[in-house]
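Visitor: Kindly return the folded structure for what I paste below:
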Amino acid sequence: MDHHDWQRGKSRGHRHYDDDDEVQPFYIGVPVAHRRKRRRHHSYVRDADHDSRHSHYDHYAHHDHSHSDYYQDREEPCDDEGGSTENQEHADLTVSPAAERLRHILGEDDSTPTPTIFTEMDTLQHDGDELEWKESARWVKFEEKVEEGGERWSKPHVSTLTLHSLFELRTCLQTGSLLLDLEGYSLPQIVEEIVDRQIADGLIPLDLKEKIIFVLLRKHRHQTKKPIHRSLADIGKSSNTSSNPAQSRSMNDISDTPSSDQLKNKFMKKIPRDAEASNVMIGEVDFLDKPFVSFVRLAQATTLGGLTEVPVPTRFLFILLGPQGKTKSYNEIGRAIATLMVDDLFSDVAYKARDRDDLIAGVDEFLDEVIVLPPGEWDPKIRIEPPKKVPSAEMRKSVLNLNELGQMNGSAGGAAGGEDEDLPVQHELGEELKFTGSIGGGMWLDIKRKMPFYCSDIYDGFHIQSISAVLFIYLGCITNAITFGGLLGDATDNYQGVMESFLGTALAGTVFCLFAGQPLIILSSTGPILIFEKLLYNFSKTNNIDYMELRLWIGLHSCLQCFLLVLTDASYIIKYMTRFTEEGFSSLISFIFISDAIKKMVEAFKYYPINRGFKPDYITAHKCECIAPDQAPLADDNMTLMFNLTDLDWSQLSKKECVKYGGSLVGNACKYVPDLALMSFILFFGTYSMTISLKKFKFSRYFPTKMRKLISDFAIFMSIMSFVGLDILIGLDTPKLIVPTEFKPTRSDRDWIVLPFGKNPWWWYLASFVPALLVTILIFMDQQISAVIVNRKENKLKKACGYHLDLFWVGVLMAVCSFMGLPWYVAATVISIAHIDSLKMESECSAPGEQPQFLGVREQRLTGTLVFVLTGLSVFLAPVLQYIPMPVLYGVFLYMGVASLSGIQFWERIKLFLMPPKHQPDFSFLRHVPLRRVHLFTLVQILCLAVLWILKSTFLAIIFPVMILGLMVVRKLLDLMFSQHDLAWLDDLLPDKDKKKKEDEKKRKKEKKAAEPESDEEPNSCAPTEVKVHMEALESQSESYPTYVNPFTQNQTSER
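Guide: Here you go, the predicted structure:
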């Protein structure tokens, strides 16, 4: 068959693709993850003439190419007149032969994962008589091209291929030589094997052997190398010297070992260590009249010297040499096979293929998944940016899973049947909350789960990321300790103050992080506890009861009640807290942080008011003078004067001295402190905005990846230090962080140990059980809801958690803090979420254009322990900490509150109220739930949040934990307002509902199975012999699987 026959065969099925052709339909080179139902007709017809590869070229020349050949080759009606109607119906409902073949290939047990494929495409370049292979594109996951100037790589982008090139590639694989598991140790040996196979199959004459080997062994110039230049001696050579290249130049022009440029190539950092290479070589020569095509898979990956840009061992080779004049067509075929080789599904097929038909089935399955873009509605010159998220390989491979061949897109009628086939994966809390039925069984299992990880919990913390996390959480904790310590001092007349708050935070936090089940949780004082302390102190003062002793007995009773909850596995009820309750609680805490930060700044404006009536022209009128009193104040004996009025120079006294000696301040400038309010706002908002910007810096285009990640990790520390430096530079007297400098109780009349007896009547020791019950409910709900939020599956925590163990240690610390007169501590939701965010890990080795993948959280005990140890040592760090302005720490508070809202579906749904439907993000729940139902669900949550906000702002805040239980009741009532389908997308199904749904589904499957006939008809006997072997292996399993119909090939008829 000559070159004209090959071209004529191409033109029948699809119009000729040339450099001057109009724009072809393109398809996106990343297949979609959805599955289409397929209909297999009554046969799978192939040309049976496989005696020689030459017959393949004849078949290609004399039959329709591309579209018609593809469909006829995949599905053709069978003229089996003996088949019954039932047999035909059964055949129509089975999967396509390609999918069935791949199912068998990929379903084989193989514990070895498929290596990542690095694909390089080299094209043959002519420079006079000189030939070389020049690197033109590369793929790790997305495509990178060498720009026309040849000096730089393009940005990674999604490969866009012509549909025609895929059909041409399919024909190349059908007609070219195929060498699977070739034993190769060097490129010359492999090339000789390839050419010998072509000659043995009768595809090329013997006299072309040396020419083809000569071309294939030319040296490879990669992007890091400079182009070749002809020497003066070569310029003088006549053109006929190239007629026999073997006589004029060496047959092997490629190095046997990797060059220094390859070994030093920094691109290796983007390639996983276990990667293997796939080399695509495309070129046109003047001595061929038909294409020379070969696909090779080596038995073992081998480093082939200078063949590849990076020193990665080669496993696959695809060679296409053809007659001159079709450069663009050859390049498109090369790009097509390169794109397939980095596709997760096809690369698996390439590794496991046993013959040619397996590879063709892989191409067919790839074609089934592609999406075509109309040529008139899209510019093929546009490079599509890599998506932030692509379907996982496991999701696509599940298409071929025998157990998952159900409907993916639904029937033509949508969900008319009322059956929800596609529901989101429900949040499962795991076996940690499984009711054991034995006393203390839950805590014992927690200990058994955590013990194997205890050593790794220590050494996993030795990472530079831990330093940024410690600095961030430490500043948040001391700010919280100072804030709540000051408020507690005001509420309890300094029985508990800033010093007690620092010591309690350090003690409770260190013990919890060392021994608890979830060390990522940060303990802190909370608002409801503060209100309880205030009400308890007022009650004690009114009834002449010793506050510290009463508080001790309440703490002891609460400790015993926590132990009782642990022994009875009471944490089991947390299973009934769905996303509705969790998001309502965490949103409330986040809004409290945001509002408290803003309130502090408003108070700063009140304390340092702005002089709104200031006029520069009347600056002489703005002054403040100290006027002496008419009479000096009396001494302690009320008989003599403290000093003589004339002895003081009242005009030179400071503001504090003037007030101390009884003088009065007179003047317009006395009430105003210039610049402090504005400076405080700059420090507050600047810290917040800079932290937000630096946290997002890792997604920017500036600096290398490691530098961006380092800046992002230390964003909060850099922001704080920047604005502390600005404050020092400006030199204004902004409010600073005040830390105790002496280790002693705030009140001089109390000790560090509270005695349990002697000050209150004995019956108070028993009556304190009642208020202790309220404290226990508060601690239980606050602790366990925060733990559920931290342990959610979105955080990808790999080490076990321990709800019962956490509650046990919180109870122990309640008793210890009560004896020492320290505040009570419980899990702080916002700071714990901030701790999680500061320890998130992402993949370091990502393909160019691929977004780093979230791997999980650095689970360890070191960061939390160091945070609380530093908090205890803050008394000795007071000389350094006194330079930190309070507005800077308020900015950190604001950031914590805002950052904890990110990722909360409730907050995303609130923002939908302000967006027109066409501008709303493509959330999954918007695809499945009507917008009005989404808004109704959001309004219910907003109403519940408003009720909680009102309660926490009044004296009723003491019943706040009871209202959290009320959220669970509201969620139960939502089952009457919303369908289970809607709740599955907007929330989590309650355990009973989820269990009932699974039981109903299992019952329906049993009924359906009972209704099926006892034996199904055998698969269609018209299948070809080489496929029937694999189908028989699956016949015994095929009867219980759903239908898989291909609408793309439905009603396809034969054209033969």
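
Visitor: Show me the domain layout of this protein.
Guide: Domain ranges of the chain: 118-223+266-372, 441-607+684-903, per the TED database.

Visitor: Figure out which of these is closest to Lys381.
Guide: Closest to Lys381 of the domains of the chain, according to C-beta to C-beta: domain 118-223+266-372, at 9.5 Å. Where you see a C-beta, it was placed from the backbone N, CA and C, and this is true even at glycine.

Visitor: so what's the nearest residue to Leu866 once chain neighbours are set aside up against?
Guide: In this structure, Leu866 finds its nearest non-sequential neighbour in Val470, 4.9 Å apart by C-beta to C-beta, 6 or more residues apart in numbering. Applying C-beta atoms under 8 Å, 6 or more residues apart in numbering to Val470 gives the contacts 863, 866-867, 870.

Visitor: out of those, who's nearest Asp713?
Guide: The closest of the contacts of Val470, once distances to Asp713 are taken by C-beta to C-beta, is Thr863, at 12.3 Å.

Visitor: host element of that closest one?
Guide: Assigned by DSSP states H and E, Thr863 belongs to helix 862-872.

Visitor: How far off centre is that helix?
Guide: 28 Å (C-alpha atoms, centre = their mean, to the nearest Å).

Visitor: do the same with stretch 713-728
Guide: 28 Å.

Visitor: Check stretch 353-372 too.
Guide: Using C-alpha atoms, centre = their mean, the offset of stretch 353-372 from its chain centre is 30 Å.

Visitor: quick one: buried residues of it?
Guide: By neighbour count with 16 or more other C-beta atoms under 10 Å, stretch 353-372 contains the buried residues 353, 356-370.

Visitor: Let me see the mean pLDDT of it.
Guide: For stretch 353-372, the mean per-residue pLDDT is 88.

Visitor: returning to what we had before: ok, and what's touching the helix holding Thr863?
Guide: Counting by C-beta under 8 Å, 6+ apart, 457-458, 460-462, 466, 469-470, 473-474, 477-478, 481, 502-503, 505-510, 512-514, 519-522, 835, 839, 877 sit against helix 862-872.

Visitor: How about stretch 454-464?
Guide: 519, 710, 713, 799, 858-863.

Visitor: re earlier: for the residue nearest to Leu866, pull up the helix or strand it's in.
Guide: With DSSP H and E as criterion, Val470 is part of helix 464-492.

Visitor: what's the closest of the contacts of Val470 to Arg449?
Guide: Distances from Arg449 to the contacts of Val470, taken by C-beta to C-beta, are shortest for Thr863, at 21.0 Å.

Visitor: next one: stretch 795-810 to chain centre, how far?
Guide: 22 Å.

Visitor: Can you give me the first-to-last residue distance of that stretch?
Guide: Start-to-end span of stretch 795-810 (C-alpha to C-alpha, to the nearest Å) is 23 Å.

Visitor: Stretch 134-146 too?
Guide: The first-to-last residue distance of stretch 134-146 comes to 10 Å (C-alpha to C-alpha).

Visitor: model confidence over it, on average?
Guide: On average, stretch 134-146 scores 89.

Visitor: quick one: the residue lying closest to Ala827 once chain neighbours are set aside from Ile964, how far?
Guide: Sequence neighbours aside, Ser786 is the residue nearest to Ala827 in space, at 3.6 Å (criterion: C-beta to C-beta, 6+ apart). To Ile964, Ser786 is 11 Å away according to C-beta to C-beta, to the nearest Å.

Visitor: quick one: pLDDT of the most centrally placed residue in the chain?
Guide: Centroid-nearest residue in the chain, with C-alpha atoms, centre = their mean: Phe854, separated by 3.8 Å. Phe854 carries a pLDDT value of 78.

Visitor: With Arg101 instead?
Guide: 76.

Visitor: returning to what we had before: residues near the residue nearest to Ala827, how many?
Guide: 28 (other C-beta atoms under 10 Å).

Visitor: got the contact list for it?
Guide: Per C-beta under 8 Å, 6+ apart, neighbours of Ser786: 521, 826-829, 832.

Visitor: again, but for Pro745
Guide: 497, 499-500, 751-752, 821.

Visitor: what about it, which SS state?
Guide: Put simply, Pro745 is coil when judged by DSSP: H, G, I helix; E, B strand; the rest coil.

Visitor: related to what we said a few turns ago, could I get the domains of the chain in JSON lines, plus columns for distance to Val934?
Guide: JSON lines is the format used below for the domains of the chain (distance: least, C-beta to C-beta, whole Å):
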{"stretch": "domain 118-223+266-372", "distance to Val934": "28"}
{"stretch": "domain 441-607+684-903", "distance to Val934": "13"}
